[in-house]
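Novice: here are the coordinates; sequence isn't available:
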């Protein structure tokens, strides 16, 4: 007598699971790729943020190291100019003062672009700031034959609530763009200021 023994097992659920895995394999691989790309992008952003933080730290150090000697140079130049009756010396000292202003503006821009400085609301004397920006623009384009006319129809003591560094940056950009726009490097620029009562 021959006996045959066997075990029967329902593998339907197992095959269905395999079919689901096979069917969704492409979706899973795509999902893994997308998540990997997102992780890489996030890592790049973190690396960039770290570099920007380093730039900010360097900017703060440079600003601190340069501003003290610049202030000393500016004060010394002012003292010499007020005590000198020689026009040539006074002219040279004025050039030094302008270069100090230009250097200080570069430091302010560096701090502004590095994101270290948040806007600070102060009472800014607009006419004084416009005068300073006009002098700076005139000195930065010595090869241009440009006349800057200032027409202030308001008190020189009038103030505006604003960040002085950012406001100065706006005025400087407008004036520099105006100076650069003249084809023959000559022309007139009119700056007017008035106040509504």
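Specialist: That came through fine. All values reported here derive from a predicted model rather than from experimental measurement.
Novice: all helices of this structure, in order?
Specialist: Using DSSP state H, the helices of the chain run over 12-83, 87-113, 126-140, 164-180.
Novice: mind checking those for the one nearest to residue 120?
Specialist: helix 164-180 (7.8 Å; C-beta to C-beta). Yep, even glycine has a C-beta here, placed from its N, CA and C like the rest.
Novice: can you give me how far that closest one is from the chain middle?
Specialist: 13 Å (C-alpha atoms, centre = their mean, to the nearest Å).
Novice: what's the answer for stretch 181-193, then?
Specialist: Per C-alpha atoms, centre = their mean, the centroid offset for stretch 181-193 relative to its chain is 26 Å.
Novice: in it, which residues are buried?
Specialist: For stretch 181-193, a neighbour-count test (16 or more other C-beta atoms under 10 Å) marks 189, 191 as buried.
Novice: one step back: mean pLDDT for the helices of the chain: which is lowest?
Specialist: Confidence, taken as mean pLDDT, is least for helix 12-83 of those (a mean of 70).
Novice: contact partners for the nearest residue to residue 176 once chain neighbours are set aside?
Specialist: With C-beta to C-beta, 6 or more residues apart in numbering as the criterion, residue 176 has its nearest non-adjacent residue at 6.1 Å, and that residue is residue 137. Contacts of residue 137 were listed using C-beta atoms under 8 Å, 6 or more residues apart in numbering, and they are 148, 172, 175-176, 178-179, 189.
Novice: just the buried residues out of those residues, in ChimeraX syntax.
Specialist: To isolate in ChimeraX the members of the contacts of residue 137 that are buried, counting by 16+ other C-beta under 10 Å, one can use:
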select :148,172,175,178,179,189
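Novice: Serialize the contacts of residue 137 to CSV and add fields for distance to residue 91.
Specialist: Converted to CSV, those look like this (distance: C-beta to C-beta, whole Å):
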residue, distance to residue 91
148, 19
172, 23
175, 22
176, 23
178, 25
179, 21
189, 23
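Novice: give me every residue that touches residue 133.
Specialist: Residues in contact with residue 133, defined by C-beta under 8 Å, 6+ apart, are 168, 171-172, 175.
Novice: who touches stretch 152-172?
Specialist: The contact list for stretch 152-172, computed with C-beta under 8 Å, 6+ apart, reads 105, 108-109, 111-112, 117, 119-130, 132-133, 136-137, 192-195.
Novice: list only buried entries from those.
Specialist: Listed as buried from the contacts of stretch 152-172 are 105, 108, 111-112, 117, 124-127, 129-130, 132-133, 136-137; burial here means 16+ other C-beta under 10 Å.
Novice: farthest-apart pair in those, please.
Specialist: With distance counted by C-beta to C-beta, no two of the buried ones among the contacts of stretch 152-172 lie farther apart than 111 and 127, which are 25.0 Å apart.
Novice: relative to residue 79, how far out is residue 140?
Specialist: Separation of residue 140 from residue 79 (C-beta to C-beta, to the nearest Å): 25 Å.
Novice: burial count for residue 155?
Specialist: Using other C-beta atoms under 10 Å, residue 155 is surrounded by 10 other residues.
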